[in-house]
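[1] no sequence on this one, just coordinates:
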């Protein structure tokens with residue numbers, strides 16, 4: 001399963017992350033176009049690795065582990081570089097911070113909830129959030145180069161980034177609520193009086 005096609009596509013997506021970062025260090029419009037092409041290619045592999053894994057029954061533990069890691073590396077690297085090169089202006093950095101913070105929070109909560117066998121299904125709104133977020137990053141990667149072809153590409157990307165950030169706050173609440181509900185119920189259960197031979201029902205004397 002290490003060399004199954006779905007896993008190979010995931011490996012490729014991870015390798016595209018440093019390639020995309022390196023492209024943004026190039027000069028001129030080619031930096032934006034190469035970075036955008038790599039981002040789009042990575043997004044395509046994200047779709048097909050899941051598709052082939054399900055269609056060919058090649059779902060593996062390694063794939064389930066690496067797939068979300070690859071997604072978050074791609075998003076985080078793109079946002080950090082877009083802030084660094086000034087495409088995301090300082091008045092919109094908060095939107096990028098909210099998205100990155102949510103990615104970290106959800107990763108930790110998913111790991112915790114998986115350990116206690118609590119499942120939080122992905123909502124339709126969360127899927128829309130992801131689509132808007134990826135579109136925003138794509139527009140921003142095109143940046144000034146894209147503005148020369150279609151006006152206001154950067155402004156559109158910034159607007160979509162803020163929309164994604166607001167949806168991020170809303171959808172992230174589902175994971176936070178599930179995690180806190182389970183933690184609180186566990187704490188209450190551990191704090192409850194324990195039964196003993198002289199007090200089998202656990203009630204106070």
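    All right, it came through fine. Just so it is clear, the model here is predicted, and its values are computed rather than measured.
[2] Quick check: mean pLDDT of the host helix or strand of residue 145?
    For residue 145, the element it lies in under DSSP states H and E is helix 124-149. Helix 124-149 shows a mean pLDDT of 93.
[3] So which elements touch it?
    helix 29-55, helix 61-84, helix 153-191 (3 or more CB pairs under 8 Å, 6 or more residues apart in numbering; DSSP states H and E). Just so you know, the C-beta spots here come from the backbone N, C-alpha and C atoms, and that holds for glycine as well.
[4] Go again with 6 Å.
    helix 29-55, helix 153-191 (3 or more CB pairs under 6 Å, 6 or more residues apart in numbering; DSSP states H and E).
[5] Does anything pack onto the first one? Which helices or strands?
    So the one you mean is helix 29-55. helix 5-23, helix 124-149.
[6] in the shortest one, what's buried?
    Neighbour-count burial for helix 5-23 flags 6-7, 9-11, 13-14, 16-17, 20-21, 23 (criterion: 16 or more other CB atoms under 10 Å).
[7] Any stretches of the protein with poor pLDDT?
    For the chain, the stretches with pLDDT under 70 are 1, 111-121, 178-179, 182-183, 186-205.
[8] Buried residues, the helix or strand that residue 95 is a member of. List them.
    For residue 95, the host element (DSSP H and E) is helix 93-115. Residues 95-96, 98-100, 102-103, 106, 109-110, 113 are the ones in helix 93-115 that count as buried (16+ other CB under 10 Å).
[9] what's that helix in contact with?
    Here helix 93-115 makes contact (CB atoms under 6 Å, 6 or more residues apart in numbering) with 72, 76, 79, 83, 88, 161-162, 165, 168, 172, 175, 179.
[10] follow-up on the earlier one: I'd like the helices and strands packed on helix 124-149 laid out as TSV, including mean neighbour count and distance to residue 137.
    Below are those laid out as TSV (neighbours: other CB atoms under 10 Å; distance: least, CB to CB, whole Å):
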stretch	mean neighbour count	distance to residue 137
helix 29-55	18	7
helix 153-191	16	7
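[11] All set, thanks.
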